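In: Pasting a predicted model and its sequence here:
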There are 2 protein chains.
Amino acid sequence: MKKSVFYHAGCPVCKSAEHDIIDVVGASGVEVVHLGEDRSRIAEAESAGVKSVPALVVPNGNVLHINFGASLEDVKG
Amino acid sequence: MKKSVFYHAGCPVCKSAEHDIIDVVGASGVEVVHLGEDRSRIAEAESAGVKSVPALVVPNGNVLHINFGASLEDVKG
């Protein structure tokens, strides 16, 4: 199965959502990307349609923005 | 495993998120509650901490607000 990708930026809201998503989806179904540490993937997240983190991009390409940690603009800045 | 509960109100954002959540979590792991049709459960959603729909309440009790379809106040109104 194609994995979902969970983008976050290390914020408290992000870490909490990361644990919850891994609990319900299973660690093997999700790739976790920390955009603060892996800045080369910010453009990829942006082109996937991610507007804020934490966000889960599901295998069909839809973006689920979860709660609200930070806007992608803040992560880029 | 305790199920997650996905609360929605039939809005387009809700239906799309419902399909995505069921795709990644699996139908057997999620109870889907349509608050527009099952208004008796609005108080339950509210006391679980749901502020807007669609929202997923995960087994540990945390609430993941997903994208934004409607505020719970609008669903109640």
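Out: That came through fine. Computed from a predicted model, the values in this text were never measured in an experiment.
In: Please tell me I have it right and A:Ala55 contacts A:Phe68.
Out: No. The pair A:Ala55 and A:Phe68 fails to qualify as a contact (Cβ atoms under 8 Å) at a distance of 10.0 Å. (Glycine included, C-beta is placed from N, CA and C.)
In: Identify the residues contacting the strand ranked longest in chain A?
Out: When chain A is parsed with DSSP state E, its longest strand is strand A:63-71. Identification of contacts with strand A:63-71 by Cβ atoms under 8 Å, 6 or more residues apart in numbering or on different chains yields A:8-9, A:11-14, A:17, A:21, A:48-58, B:17, B:20-21, B:63-68.
In: Now the buried members of those residues.
Out: Buried by 16 or more other Cβ atoms under 10 Å in any protein chain shown: A:8-9, A:11, A:13-14, A:17, A:21, A:50, A:52-58, B:17, B:20-21, B:63-68, out of these.
In: Just the terminal-to-terminal distance for stretch A:35-43.
Out: By Cα to Cα, to the nearest Å, the extent of stretch A:35-43 from end to end equals 10 Å.
In: what's the answer for stretch A:21-37, then?
Out: Stretch A:21-37 stretches 20 Å from its first residue to its last (Cα to Cα).
In: what's next to it, contact-wise?
Out: In contact with stretch A:21-37 (Cβ under 8 Å, 6+ apart) are residues A:1, A:3-10, A:18, A:41-42, A:45, A:53-54, A:56, A:66, A:72, A:75, B:4, B:24-25, B:29, B:56, B:58-60, B:64.
In: I appreciate the help and will end here.
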